[in-house]
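# Turn this into a model:
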Amino acid sequence: MIKIVKNKLEVLFWLKKQKTLKSGVIPIYCRITINTKRCRNGFSTGIKVFEKDFDKNAGRIKKGAESEEAKNETLILLEDKIRSLKNEFDRRNIFVEAKEFWYSYKSGFITEEEEMEETTIKKLFEENLLFQQKKLESGLVTYSTIQKNKTVKNNFFKFLKSEEKSEDMPLKKIKRGMFEDFKIYLFSKGFKNNYISKLLSSFVGVFAWGVDNGFLEKNPFRGLSLRKERTKKISLSVQEVEKIENKTFEIQRLEKIKNLFLLSCYTGLAFADLTQLSKQHLCEVDGVQCLIIHRQKTDTKCVVPLIEKAKIILDKYDYNLQVPTNQKYNAYLKEIQIILGINKNLCTHTGRKTFINVMLNKYNVPSETVMKMVGHTNLKTTYHYYAEIDTEKVVKDFKNITF
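Below is the predicted model:
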């Protein structure tokens, strides 16, 4: 008589508090236990939440939390995938060991350790991009994150072909020194220091994800980074903002970009936040209309009281801004800059920096309040990194000094 095999599976989602971010959000990890044996200590689901928004008993996001439906859907799909694999082993009447189950989860039904070890860099990048794409569809990352990861991938494989004379290589052959070689390659291609810093951070992140998801035992580039250079933050004076306000463009795309840029100057919202703005972010606090929005970059809450000029722009488009791509936005801003003869390089972030400087320097709004309005996680970013005391304020403040 054939013995019927029934594998015992447990799937646990929990908060890994050791990896709590500065903003207070905590990554959710998943642990698979098959036939009383853990497959691993756990791996990242890619979802981060505040502790108060997580139901540890149910292993789900609490109702009413930010992006609750999308995040719970991701967790449900992940658990379904794990349980489907367990059911397939049951169907085949196979009693599965934890190690075999883990390899099968990551690579189909490949169970030989030697085959897993031959996983290549290209396979790692492809799997990571697929994972990021799923997060994008669930609203957990932005399109710009996907584009940055694609840029890292494309440049790294150009580097491999140029410097290593290889189209691909097994993960086990990666050396720590490759980080420095890749960095030098990026500089040789004319990329600026701070952009390279961002690319290398994403590059290291792909391998960290590989560790969390069983492709690697350890991250060969852990702890490596490129220090960012402190750059002068360009913002506009009130007079320069007025110059833009007073110009009406006959070309509709330029008029639209002008209004979007001015909205950033009036609210401090970043490009990514403008793209998700809708009427649902509008509310009234003590009789004042405000925008309350969670920043995509830091998952922190911004509370922005609306001045009349901002209301006019939002009403004009009925809160449906239909923001173009970052690349097009910057290109159109460049046209506006040239037409108006503004001797500063305008970009999507200039409006946000302008808002912060005007609030701090012209209207003397407390830095703690400005931090809350723009969704920064600490005062250092708000004040020291963005705000530059202008000459007029220095003189004005000095006149108030008496001995």
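
# any idea how far residue 372 is from residue 100?
51 Å (CB to CB, to the nearest Å). C-beta coordinates here come from the backbone N, C-alpha and C atoms, glycine included.

# Looking at the two, which is more packed in?
More crowded of residue 100 and residue 372, by other CB atoms under 10 Å: residue 100, with 19 against 16.

# Burial check on residue 92, number of neighbours?
10.

# Contacts for stretch 189-208, please.
The contact list for stretch 189-208 (CB atoms under 8 Å, 6 or more residues apart in numbering) reads 124-125, 128, 148-149, 151-152, 155-156, 179, 182-183, 186-187, 216, 219-222, 224-229, 231.

# On the C-terminal side of the worst-scoring helix or strand of the chain on mean pLDDT, identify the next helix or strand.
Of all the helices and strands that make up the chain, the one with the lowest confidence by mean pLDDT, DSSP states H and E is helix 113-117; it has a mean of 42. Following helix 113-117 in sequence order, the next helix or strand is helix 121-137 (DSSP states H and E).

# May I have the helix or strand following that next one exported as CSV, CA atoms only?
The helix or strand immediately downstream of helix 121-137 is helix 143-163, counting by DSSP H and E. Backbone C-alpha positions of helix 143-163 (Å, rounded to 0.1, in the frame of the first residue of the first chain) are rendered in CSV as follows:
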residue,chain,number,x,y,z
TYR,A,143,8.7,54.2,-11.7
SER,A,144,12.0,56.2,-11.2
THR,A,145,13.2,53.4,-8.9
ILE,A,146,12.7,50.8,-11.6
GLN,A,147,14.5,53.1,-14.1
LYS,A,148,17.4,53.6,-11.8
ASN,A,149,17.8,49.8,-11.3
LYS,A,150,17.7,49.3,-15.1
THR,A,151,20.4,51.9,-15.5
VAL,A,152,22.5,50.1,-12.9
LYS,A,153,22.0,46.8,-14.7
ASN,A,154,22.8,48.2,-18.2
ASN,A,155,25.9,49.9,-17.1
PHE,A,156,27.2,47.0,-15.0
PHE,A,157,26.9,44.6,-18.0
LYS,A,158,28.6,47.1,-20.2
PHE,A,159,31.4,47.2,-17.6
LEU,A,160,31.6,43.4,-17.5
LYS,A,161,31.9,43.2,-21.3
SER,A,162,34.4,46.0,-21.4
GLU,A,163,36.6,45.3,-18.4
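
# For whichever strand or helix holds residue 312, buried residues please.
Here residue 312 sits within helix 308-316, counting by DSSP H and E. When burial is assessed from 16 or more other CB atoms under 10 Å, helix 308-316 yields the following buried residues: 310, 313-314.

# Tell me the one of those nearest residue 257?
Out of those, the one with the shortest distance to residue 257 is residue 313. That distance is 11.9 Å, counting by CB to CB.

# who touches the closest one in this structure?
Applying CB under 8 Å, 6+ apart to residue 313 gives the contacts 259-260, 262-263, 266.

# Now tabulate the residues you listed in a markdown table and tack on neighbour count.
Rendered in a markdown table, the data for the contacts of residue 313 read as follows (neighbours: other CB atoms under 10 Å):
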| residue | neighbour count |
| --- | --- |
| 259 | 18 |
| 260 | 23 |
| 262 | 19 |
| 263 | 24 |
| 266 | 23 |
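
# Out of those, list just those in helices.
Using DSSP state H, 259-260, 262-263, 266 are the members of those that sit in helices.

# A helix includes residue 293, no?
No - using DSSP: H, G, I helix; E, B strand; the rest coil, the secondary structure at residue 293 is strand, not a helix.

# hang on, it packs against residue 319?
No - Residue 293 lies out of contact with residue 319 (CB atoms under 8 Å); the separation is 11.7 Å.

# can you list residues touching both of those two?
residue 277.

# Out of the contacts of stretch 189-208, which end up buried?
The buried subset of these - by 16+ other CB under 10 Å - is 124-125, 128, 148-149, 152, 155-156, 179, 182-183, 186, 216, 219-221, 226.

# Run through who's touching the longest helix seen in the chain.
Of all segments of type helix in the chain, defined using DSSP H, the longest is helix 68-91. For helix 68-91, the external contacting residues (CB under 8 Å, 6+ apart) are 5-7, 9, 11, 13, 28, 30, 32, 34, 45-47, 49, 53, 59-62, 65, 95-96, 101, 104-105, 134-135, 138-140.

# Just give me how far the helix or strand that that helix is followed by sits from the chain centre.
Counting by DSSP H and E, the element after helix 68-91 in chain order, helix or strand, is helix 98-107. For helix 98-107, the separation from the chain centroid amounts to 29 Å (computed by CA atoms, centre = their mean, to the nearest Å).

# And helix 98-107, what does it pack against?
Helices and strands touching helix 98-107, by 3 or more CB pairs under 8 Å, 6 or more residues apart in numbering; DSSP states H and E, are strand 26-34, helix 68-91, helix 113-117.

# what's the angle between that helix and strand 26-34?
Taking axes from the mean of the first three to the mean of the last three CA atoms, to 10 degrees, one finds helix 98-107 and strand 26-34 inclined to each other by 130 degrees.

# where exactly do the helices run in the stretch 151-300 of the chain?
Taking DSSP state H, counting those that start in this stretch as the criterion, the stretch 151-300 of the chain carries its helices at 178-188, 193-212, 238-245, 252-267, 271-276.

# Those helices into CSV, with extra columns for distance to residue 72?
Compiled in CSV, the helices of the stretch 151-300 of the chain are given as follows (distance: least, CB to CB, whole Å):
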stretch, distance to residue 72
helix 178-188, 37
helix 193-212, 20
helix 238-245, 43
helix 252-267, 31
helix 271-276, 19
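
# would you turn those into a markdown table with distance to residue 38 and mean pLDDT?
Rendered in a markdown table, the data for those read as follows (distance: least, CB to CB, whole Å; pLDDT from 0 to 100):
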| stretch | distance to residue 38 | mean pLDDT |
| --- | --- | --- |
| helix 178-188 | 32 | 93 |
| helix 193-212 | 15 | 90 |
| helix 238-245 | 58 | 92 |
| helix 252-267 | 48 | 94 |
| helix 271-276 | 38 | 87 |
